[in-house]
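[1] mind looking at a prediction? Sequence and model below.
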Amino acid sequence: MDLNNIAVIYGSDSSEWEVSVRSGEFTASQIDGERFNVYEIFARFGEWVVKAYRLKGQERVLIPEDERPEVCKTDFSAVVCGEKVKFDYAYIMQHGTPGENGLMQGYLEMLGVPHSGCNAFVSAITFDKFSCKSYLKDVDFVKCAKDIFLRKGESYEGLAEQAVEKLGLPMFVKPTDGGSSFGVTKVKKVEDFDKAVDVAFSEGQMLIAEAAIVGRELTCAVYNNGKENVALPVIEIITENEFFDYEAKYNGHSREVCPAQIPDSLRDQIQEVSVRIYEHLGCAGLVRVDYISSEEGLYFLEVNTIPGMTSASLVPQMVRASGMSMTDFLTTVIENS
């Protein structure tokens, strides 16, 4: 691709918008400034503005808030410093809707603008935890925990007892289309189930109750290097909290071991399974897959098609452990999405 102007889109319409801003700003800072002009687009609830830009070989310019140019959605362009800039490529860093559920991808694909990551259909499927698990329940290379699906508006009278009978305790209740652990509750008593349902529905329209799997939490990212799909080093997540919740993720209540101190056989299995999931779902660009390794085997948790990308996030740790620079890695992702 002949790319000149890269737009990094961040912010979102979800509870994850602040995390998305941090991820997007870091990503923009690491894109090769000798090869590309980089424009940062803050997009939230339909208002898209150019927040900052960095021209080739120059320093980043932060535009005053009251002077930020609006993005023209007709052709994905903006007038910056009196000159119309047509964005050649979009690096999507929106956690949650519309960047992670296929809406942003669909818009860009209709305009013919290349973008990072999965296409609109795959993004929609992988963003919904229940749909994604449905694609993997019958494969023979990874396990999926038992679950129950519920849509907002459906009666859940008596569901607590049914869930305990099917899933046991403890269990997790979470929105199917959320991230950063917003709306997730670990249910230990049957009488806490209904409240957990209400919490999940405060974040989304659908939820799953899922059996809690006891084991080690591990994660692995996959990308395409232009020749093949490659798995990055595995990380183990060790949390001080009940589970890897928002506090653990972003406020220092967890420890990430990279590379994970696990047997080589388990490392190889996770990397192989991650590539197989990536290919089975039809993923593209950079994707992170989360697991629980238990005595019964390796359990799939979820796919993150737009994983966190702050300097302390999991994927940058994997990239550093692999011996690559973030700049070279991002160039590879941009050229091979």
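    Ah, there it is.

[2] mind listing what residue 327 touches?
    When contacts are counted by C-beta atoms under 8 Å, 6 or more residues apart in numbering, residue 327 touches 30, 31, 32. Using the backbone N, CA and C atoms, a C-beta is placed for each residue, glycine as well.

[3] please pull out the lowest mean pLDDT helix or strand from the protein.
    Ranked by mean pLDDT, DSSP states H and E, the weakest helix or strand in the chain is helix 246-250, scoring a mean of 50.

[4] and the next helix or strand past that one?
    Downstream of helix 246-250, the first helix or strand assigned by DSSP states H and E is strand 254-257.

[5] how far does that next one sit from its chain's centre?
    18 Å (C-alpha atoms, centre = their mean, to the nearest Å).

[6] alpha carbons of it, as PDB, please.
    Presented in PDB, the C-alpha positions along strand 254-257 are these (Å, rounded to 0.1, in the frame of the first residue of the first chain):
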ATOM      1  CA  SER A 254      -2.000  -7.300  39.300                       C
ATOM      2  CA  ARG A 255       1.300  -8.600  38.200                       C
ATOM      3  CA  GLU A 256       2.100  -9.600  34.600                       C
ATOM      4  CA  VAL A 257       4.900 -12.100  34.000                       C
END
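
[7] biggest helix in this protein by residues?
    For the chain, the helix with the greatest residue count under DSSP state H is helix 264-281.

[8] and that one, which residues are buried?
    By neighbour count on 16 or more other C-beta atoms under 10 Å, the buried set for helix 264-281 is 266, 267, 269, 270, 271, 273, 274, 275, 276, 277, 278, 281.

[9] now for that helix, which elements pack on it?
    With contacts defined as 3 or more C-beta pairs under 8 Å, 6 or more residues apart in numbering; DSSP states H and E, the packing partners of helix 264-281 are helix 120-127, helix 129-136, strand 216-224, strand 229-231, strand 287-294, strand 297-304.

[10] where's residue 49, which helix or strand?
    Assigned by DSSP H and E, residue 49 falls within strand 47-54.

[11] buried stuff in that strand?
    When burial is assessed from 16+ other C-beta under 10 Å, strand 47-54 yields the following buried residues: 48, 49, 50, 51, 52, 53, 54.

[12] what about stretch 124-143, how long is it end to end?
    22 Å (C-alpha to C-alpha, to the nearest Å).

[13] what comes up buried for it?
    Buried residues in stretch 124-143, counted by 16+ other C-beta under 10 Å: 124-130, 132-133, 135-136, 142-143.

[14] what bits of this protein have low per-residue confidence?
    Along the chain, the parts satisfying pLDDT under 70 run over 1, 178-181, 241-253.

[15] per-domain residue ranges of it.
    5-115, 125-143+213-336, 146-211 (automatic domain parsing).

[16] measure the shortest one end to end?
    In this case it means domain 146-211. Start and end residues of domain 146-211 are separated by 6 Å (C-alpha to C-alpha).

[17] what do you get for the longest one?
    The straight-line separation of the ends of domain 125-143+213-336 (C-alpha to C-alpha) is 21 Å.

[18] now do the contacts for residue 214.
    The neighbours of residue 214, taking C-beta under 8 Å, 6+ apart as the test, are 292, 294.

[19] repeat the analysis, applying 10 Å as the threshold.
    170, 292, 294, 295, 296 (C-beta atoms under 10 Å, 6 or more residues apart in numbering).

[20] doesn't it fall inside a helix?
    No. Using DSSP: H, G, I helix; E, B strand; the rest coil, the secondary structure at residue 214 is coil, not a helix.

[21] dump the residue contacts of residue 285.
    With C-beta under 10 Å, 6+ apart, residue 285 has these contacts: 91-92, 115-119, 222-224, 278, 305-306, 333-334, 336-337.

[22] element containing residue 194?
    In this structure, residue 194 sits in helix 193-201 according to DSSP H and E.

[23] since that was my last question, I'll sign off now.
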